[in-house]
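Student: 3D model of this:
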Amino acid sequence: MTSSRLKELVITDSIQPTEAMRKAPNIRVLSVATLIAEAIGRTASEESVSSLFD
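Tutor: Residues are numbered from 1 along each chain as shown. Alright, predicted model coming up:
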């Protein structure tokens, strides 16, 4: 990925990145655990999930 014309590629940790992806300096992995946990909690308490994305 280092020879790519992309300056940066941002992915989530919703799928496990390969070893090559973890080592690439221009790939950044963001965690979505907090967002998913909040969505589950809101669903369980019958609150709005769409407001998470406002």
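Student: in the sheet, who's paired with the residue nearest the centre of the chain?
Tutor: The C-alpha lying nearest the average C-alpha coordinate of the chain belongs to residue 12 (C-alpha atoms, centre = their mean; 2.4 Å). Under DSSP bridges, the beta-bridge partners of residue 12 are residue 30.
Student: That one and residue 23: what is the separation?
Tutor: Using C-beta to C-beta, to the nearest Å, residue 12 is found at 18 Å from residue 23. C-beta: built from backbone N, CA, C; applies to glycine.
Student: just residue 13 next, same as before
Tutor: To residue 23, residue 13 is 16 Å away according to C-beta to C-beta.
Student: Can you classify residue 36 as helix, strand or coil?
Tutor: helix (DSSP: H, G, I helix; E, B strand; the rest coil).
Student: so where's this structure uncertain?
Tutor: Confidence mapping of the chain against pLDDT under 70 gives the ranges 1-2.
Student: Could I get the full set of strands for it?
Tutor: 9-12, 27-30 (DSSP state E).
Student: Mind putting those into JSON lines with distance to residue 38?
Tutor: Compiled in JSON lines, the strands of the chain are given as follows (distance: least, C-beta to C-beta, whole Å):
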{"stretch": "strand 9-12", "distance to residue 38": "15"}
{"stretch": "strand 27-30", "distance to residue 38": "15"}
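Student: Out of these, the one nearest residue 18 is which?
Tutor: With C-beta to C-beta as the criterion, residue 18 lies closest to strand 27-30 of those, at 10.0 Å.
Student: Quick check, the residue nearest to the centre of the chain in contact with residue 28.
Tutor: No: the pair residue 12 / residue 28 is not scored as a contact, 10.1 Å apart, by C-beta atoms under 8 Å.
Student: List the contacts of stretch 44-54.
Tutor: Stretch 44-54 is contacted from outside by 35, 38-39, 41-43, using C-beta atoms under 8 Å, 6 or more residues apart in numbering.
Student: just to revisit the earlier point, name the stretch among the strands of the chain that sits most buried.
Tutor: strand 27-30 (a mean of 13; mean count of other C-beta atoms under 10 Å).
Student: Dump that strand to PDB, keeping only the CA atoms.
Tutor: Listed next in PDB are the C-alpha coordinates belonging to strand 27-30 (Å, rounded to 0.1, in the frame of the first residue of the first chain):
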ATOM      1  CA  ILE A  27      -3.800   2.900   6.600                       C
ATOM      2  CA  ARG A  28      -5.500   4.000   9.800                       C
ATOM      3  CA  VAL A  29      -7.800   1.700  11.700                       C
ATOM      4  CA  LEU A  30     -10.600   3.300  13.700                       C
END
